[in-house]
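S.K.: Quick one: sequence and predicted model below, then my questions.
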Amino acid sequence: MKIRLDRNLWNRLQRKAEKRPLVRDTVTTSIWMVLGKSAGFLIPLFIAAWFGVNRETDSFFFVYGLVFFFSSILSVGTESIIVPFLAEKRARDEDIGAFVGNLMGISGCALAIITAVLILLARPIFSILTQFDPATRSLSARLFIEISPLIVLMFWSSVLAGAMNAFKRFSLHAFFPAVRAVIVLLWVFLMKDRFGMHAVAVAYTIGEAIRLFVYLCAIRRWKLFRIRMSLGIDSRLKAFTHTAFFQLVAITVGYMNPFIDKIMASWMGEGGVSVLHYAHRLYMIPTTLFTSGLLVTLLSHWSHKYYRIGPKQLRGDVRKALRVVFIFAAPLCAGLILLHRPLIRLLFGWGRFDPGLHAQLGWTWIAYLAGLIPFSLSQIYVNAHVIMKNTRILMRISFVVFLCNIVFNLILMRLFQVAGLALATSGISLVSAVFFIMTFKRRLKTEESVFREE
C-alpha cells in the first residue's frame, strides 16, 4: 500500500511538472546552477588559504578582473540577447547553425585582434590605473598574457550556452562550472609550489578551453543544429548586431563598475584589492542562488511565449517572478548579515589568510549584501527588456548607474575604506531598480498597443 501511494504521489508530481514547464525548468536549473557555482566559489577560498593576501594575489585579482571585464561585456550580453533571436528563428524555421557559426567566426577574429592589442598595452595601462610597485606591475603583465585567451574562449562558450538555453537545454551549462572549478583547483594544487600565481592564471585558461570543447560535443550529440563557421556579414547578423549593440554597451558600462572598484581599492595599500574580491565572491553566492537559474529559464520561456502569443502575459509573469525573488531573498539576506561573523571564520579561518582581516572582510560583505534585494529584482526587469529588444534603455540606465558609482565610491571610500566601495555598489543597485520599474511600465504599454494593431 505504501509503495502504491508513493507511486501515485510521484505520478501526480510528474503531471504537475508537465503542466508547468517553467517551474520545472527553473527548479531543476537552479539546483544544477547552485551545485555548479558552489564549486566555483571554492576557488577564492583555496587561493586565500594557499596564497594568503599579498601583492601577488592583488596582482592576479586585478588582472583577472580586467580580463573578466573584457570577456564578460560580450559573453554575458550575447548569452542573453541571443535567446530571443534564436526563439524567433525557430518559430520561422530558419537555419540556426549558420547564424551561430557566422557570429562565432566574425567575433572570434575581432576578439583575437583586441586581445593582441591589450597584451601590447598591458604595462602602460597598469602604470596608469594602479599604484602597484614596478615588480607587481611586471607580474601583472605576465599574468595577463597567460589568462588573456579567456576573452575569446568565454565568448564562444557563451554563444553556445545561449543557443542551448534557446533549445531549453539548461542542465549542462548550469552544472559545468563545477567541473571547471575541479579542473582549476586540481591544476593549481599540483602546480602552485612550482609556478605560484601563474598556475592559477593558466588553470582558468585550461578550464575554459575544456568547457568550449564539451559544449561543442553536446550540441553535436543532441543534434540541435550544425555549426557552419563563416566570416560573411549577412542581414541576419546585422539585425542581431543592431539590437545587441545597446545591450553590449550597457554591459560594458556595467562591468566597468567592479573594475573601477578594484582600481580604487588598489589605492588603499596592500590587500585592498584582495579583500574586496573575496567579499564580492561571497556576495555572488546568494545572487547566483536567486537569479542565475531563474533568469536563464525565464528568458527562454518568456521569449517563446512572447513571439508566439504576444506581450499580453509579460506583465503578470514579471510580477510573479518579483514576488518569488523577494520572498526568498529577503530572509536569506537578513540571515547572512546576522551570521556573517561565524561564516567568515568558517570560510577564511584557515590556511595563510590573516585573521586580522576578518572584521574588514565581514563589513565589506555586509555592505554588498545591502544591495542583494534591489539587484535581484532589477535582473527580472533586465530580462523583460531584453525579450522586448528594448536594449537602448538598458544602455541609458547603465550610464546613469556608472556616474552614480563613481560619485558614491569617492564619497563612501573616504568614510568606510574598502567597505565603502561595496556600499556604493549596493547604492547603484537601488538606483537601477527604480529606473527599471519606471521604464518597464512605459515600454510594455507601447508593446501592447503595437500588438493590438497587428
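M.R.: Now that the structure is in, tell me what you want to look at.
S.K.: Pull the distance from the host helix or strand of residue 436 to the chain's centre.
M.R.: Taking DSSP states H and E as the definition, one finds residue 436 inside helix 418-453. The chain centroid and the centroid of helix 418-453 are separated by 18 Å under C-alpha atoms, centre = their mean, to the nearest Å.
S.K.: With stretch 339-353 instead?
M.R.: Per C-alpha atoms, centre = their mean, the centroid offset for stretch 339-353 relative to its chain is 25 Å.
S.K.: Please work out how many residues are found near residue 323.
M.R.: Using other C-beta atoms under 10 Å, the number of residues around residue 323 comes to 10. In short, each C-beta sits where N, CA and C put it, glycine included.
S.K.: now do residue 191
M.R.: Residues near residue 191, counting by other C-beta under 10 Å: 15.
S.K.: residues in contact with it?
M.R.: 199, 202, 203 (C-beta atoms under 8 Å, 6 or more residues apart in numbering).
S.K.: Of those residues - the most surrounded one?
M.R.: Taking other C-beta under 10 Å as the neighbour criterion, residue 203 ranks highest of the contacts of residue 191 with 26 neighbours.
S.K.: ok, that one touching residue 189?
M.R.: No. Residue 203 is beyond contact range of residue 189, at 9.5 Å (criterion: C-beta atoms under 8 Å).
S.K.: if I look at those two, which residues touch both of them?
M.R.: Joint contacts of residue 203 and residue 189 (C-beta under 8 Å, 6+ apart) do not exist.
S.K.: one step back: tell me what the helix holding residue 436 is packed against?
M.R.: In terms of contacts (3 or more C-beta pairs under 8 Å, 6 or more residues apart in numbering; DSSP states H and E), helix 418-453 is packed against helix 235-266, helix 272-287, helix 314-338, helix 358-369, helix 372-387, helix 391-416.
S.K.: Now stretch 266-284 - C-alpha only, CSV.
M.R.: Only the C-alpha atoms of stretch 266-284 are listed here, as CSV (Å, rounded to 0.1, in the frame of the first residue of the first chain):
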residue,chain,number,x,y,z
SER,A,266,44.4,49.4,-5.1
TRP,A,267,44.8,53.0,-3.8
MET,A,268,44.3,51.7,-0.3
GLY,A,269,47.5,49.8,0.1
GLU,A,270,48.4,46.1,0.1
GLY,A,271,45.4,43.7,0.5
GLY,A,272,42.7,46.1,-0.5
VAL,A,273,42.0,44.5,-3.9
SER,A,274,42.1,41.0,-2.4
VAL,A,275,39.7,41.8,0.4
LEU,A,276,37.2,43.4,-2.0
HIS,A,277,37.4,40.4,-4.3
TYR,A,278,36.9,37.9,-1.5
ALA,A,279,33.9,39.8,-0.2
HIS,A,280,32.4,40.2,-3.7
ARG,A,281,32.7,36.4,-4.3
LEU,A,282,30.8,35.8,-1.1
TYR,A,283,28.2,38.2,-2.2
MET,A,284,27.8,36.3,-5.5
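S.K.: Can you give me the buried ones in that stretch?
M.R.: 266, 268, 271-284 (16 or more other C-beta atoms under 10 Å).
S.K.: Regarding the nearest residue to residue 168 once chain neighbours are set aside, which helix or strand does it belong to?
M.R.: Take residue 168 and drop its neighbours on the chain: the residue closest to it by C-beta to C-beta, 6 or more residues apart in numbering is residue 300, 5.7 Å away. For residue 300, the host element (DSSP H and E) is helix 293-308.
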